[in-house]
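Enquirer: need the 3D shape of this:
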Amino acid sequence: MKKPVAITHVPSPLMERCELTYVARQTIDYQRAIQQHRGYCDALREAGVDVITLDVNRDLPDCVFVEDTAVVLDELAVLCSMGAASRRAEPAGIEPELRKYRTVKRIELPATVDGGDVTLVGRTLLVGNSSRTNRAGIQSLQDLVAPHGYNVRAIDLRDCLHLKSACTALPDGALLINPDWIDEDALANFELVRISPNEPWAGDVLSIGQQVFVAAGNHQTGQIIESRGFGVVPIELSEFAKAEGGVTCLSLIIP
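Expert: Here you go, the predicted structure:
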């Protein structure tokens, strides 16, 4: 059986100029960011993932957050039209690598979608109605994936950048959520697992098989996940958190 593939991108030396929406700008230790990115990639490899690290968008401050450039499904990949104008050159750099694995479709302006706003659960794509993803983008994504049997559901957010900041899927299909940042009523037919209220950023986790990657420091939420029978892999991402990034943001996973 083929291994899953993760497309990653080296951090930009301009990362301090990144887009920020809900966090205050802080000094980012670039060398530490490089070390943390290597640790992230090593952890993916230990989990059985083939890791590809690109260096094609180095001059774009947010390039390390490669997840936002596309939505990858079994049947196709959808190249995103990104919500922040400063990031709209990123997908073109990722596209040649993505085409090695999937047929690529694209969303075009004025429709906008960031990949970080899309959580896949079974055949349903939950899509955040956010400052980066608009209604036209949600409809465009629906039009592209519906022929393959997927349903798209718009989810309203509050006080967070992307849907995956507040809602990601665990290996059993339950949704790990921060209830302060998401409309729970829109998720009524899903099993919901609430993060520790002391760890507001803990809702962004990456599931690889039966292992769940969790940002280091979210110990209480990690215990909640472990109680469901999954392995928890803590990942140190302090420098990326300063750029409003989480665990899922640093890779495009190709099943």
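
Enquirer: please make it C-alpha for all contacts and neighbour counts, starting now.
Expert: Fine.

Enquirer: what's in contact with stretch 227-240?
Expert: The contact list for stretch 227-240, computed with C-alpha atoms under 8 Å, 6 or more residues apart in numbering, reads 28-30, 32-33, 36-37, 39-40, 171, 210-217, 222, 225-226, 246-247.

Enquirer: how about 6 Å then?
Expert: The list of residues contacting stretch 227-240 from outside it, by C-alpha atoms under 6 Å, 6 or more residues apart in numbering, reads 28, 33, 210-216.

Enquirer: relative to Thr133, how far out is Val78?
Expert: For Val78, the distance to Thr133 under the criterion C-alpha to C-alpha, to the nearest Å works out to 14 Å.

Enquirer: could you do Lys100 as well?
Expert: If you measure Lys100 against Thr133 using C-alpha to C-alpha, the figure is 26 Å.

Enquirer: still on that earlier bit, more neighbours: Val78 and Thr133, which one.
Expert: Thr133 (27 against 23; other C-alpha atoms under 10 Å).

Enquirer: could you find the closest non-adjacent residue to that one?
Expert: Val113 (4.3 Å; C-alpha to C-alpha, 6 or more residues apart in numbering).

Enquirer: please apply the same query to Leu157.
Expert: Distance criterion C-alpha to C-alpha, 6+ apart; nearest residue to Leu157, sequence neighbours excluded, is Ile182 at 4.8 Å.

Enquirer: how many neighbours does that neighbour have?
Expert: One way to gauge burial is a neighbour count; for Ile182, by other C-alpha under 10 Å, it gives 21.

Enquirer: what pLDDT is listed against it?
Expert: For Ile182, the model assigns a pLDDT of 95.

Enquirer: check the one 4 residues further on too.
Expert: Ala186 is assigned a pLDDT of 92 by the prediction.

Enquirer: would you map the helices across the protein?
Expert: Listed in chain order, the helices found in the chain under DSSP state H are 30-46, 90-98, 135-145, 163-166, 219-226, 238-241.
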